[in-house]
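Student: One predicted model, sequence on top.
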Amino acid sequence: MEEKKVAILMSTYNGEKYIKSQLESILNQTYKNIEIYIRDDGSKDKTIVILEEYEKQGKIKLIKGKNLGFIKSFRELLNICDKADYYSYCDQDDIWMEDKIEKAVKLLNKEKEINNIPILYASNYDYYDGDMKFIKHTGFENKGPSFAKSLVECIAPGMTMVINQIAKDSIYESMEKDCLLHDWWTYEVCAGIGKVIYDGNEITVKYRRHTNNVTTVETTFIKKFIWRVKTFIFSDHWKKLKKQLIAYEDIFYNSLSKKNQKLLKLFTKKMTIFTQIEKIFYPVRFKDKITHEFMIRCMFVLWRI
């Protein structure tokens, strides 16, 4: 049987320091039927020079663009890339385990509904510092993905994701200006109207954390606590999230199950004392850890969302 084709989608911006090691980890994949599409989002360093060398060698397909921001840049990649069976987001500064794509394809190929519904594969990962020194194991904390969890956070980072063709089309066509993160939107779409496969026993990415990361993930208890207080209490995070959920509702509401429609409505309709009480006592888990579940219920009490 012919191997399924996988399109690797990478958006770069001022990534000269780490881009080579990431690219080499992709080129060294045990799964060989891949095509690498890289859209540079207006880099001002030597990223383009490095990428042009790989392009000359026929190893990548390079698209040079103006600065759109990483969310719109990934959406452009979904549009520009040639048709494939599966699509994988890729950051510019991590390192992939050599069998990352092989493991994803193996599980996706087992899905009977692979040609009928949006399906997302995601794996576990480890934290490393800027010099690739191991920090800790992490990932889902985990009782599995769900639509309820997708409403309040993205538990599947983009660099672990591989999606099928239907998911790719659904995400590209629906990704709104109010989308908080491309990977969050991907997770929410597949959790709501398709399926999410979580390969929790496998580490497929060395997730490099450094001062220039686009997204912020704290790795110590104190830093996490401070970050959560800033994000959940003093920022406009929940206001932005509600806009994303309203955009999602406008597009996908009729495709959701009755149960998920009711759940989504709790977050999109006007906040009243009755809706907040219903959310506080709603009989589903939004988080896996008890402490995190308590925090999200507190956000309902405080009318943050």
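Tutor: Yes, it's here. Numbering: from 1, shown residues only.
Student: mind listing what's buried in stretch 82-96?
Tutor: Across stretch 82-96, burial judged by 16 or more other Cβ atoms under 10 Å covers 84-96. The way it works is simple: take the backbone N, C-alpha and C, and place the C-beta from them, glycine included.
Student: Show me these that map onto strands.
Tutor: The strands, defined by DSSP state E, take in 86-90, 95-96 from the buried residues of stretch 82-96.
Student: Out of these, which is nearest to F134?
Tutor: I95 (11.7 Å; Cβ to Cβ).
Student: show me what contacts that closest one?
Tutor: I95 makes contact with 21-22, 25, 128, 132, 205-206, 208, according to Cβ atoms under 8 Å, 6 or more residues apart in numbering.
Student: follow-up on the earlier one: can you list the ones in strands among the buried residues of stretch 82-96 in JSON lines and add pLDDT?
Tutor: Output for those, formatted as JSON lines (pLDDT from 0 to 100):
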{"residue": "Y86", "pLDDT": "98"}
{"residue": "Y87", "pLDDT": "98"}
{"residue": "S88", "pLDDT": "98"}
{"residue": "Y89", "pLDDT": "98"}
{"residue": "C90", "pLDDT": "98"}
{"residue": "I95", "pLDDT": "97"}
{"residue": "W96", "pLDDT": "98"}
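Student: now, which of these sits nearest I36?
Tutor: C90 (8.0 Å).
Student: Go ahead and confirm the closest one touches A7.
Tutor: No - between C90 and A7 there is no contact under Cβ atoms under 8 Å: 10.1 Å.
Student: how deep is I80 tucked in, by neighbour count?
Tutor: 14 (other Cβ atoms under 10 Å).
Student: for R285, that is, sorry about that
Tutor: 15.
Student: gap between it and L68?
Tutor: Distance of R285 to L68, computed by Cβ to Cβ, to the nearest Å: 36 Å.
Student: again with L302
Tutor: Counting by Cβ to Cβ - L302 and L68 are separated by 35 Å.
Student: repeat for D178
Tutor: When D178 is compared with L68 (using Cβ to Cβ), they lie 16 Å apart.
Student: Thank you, goodbye.
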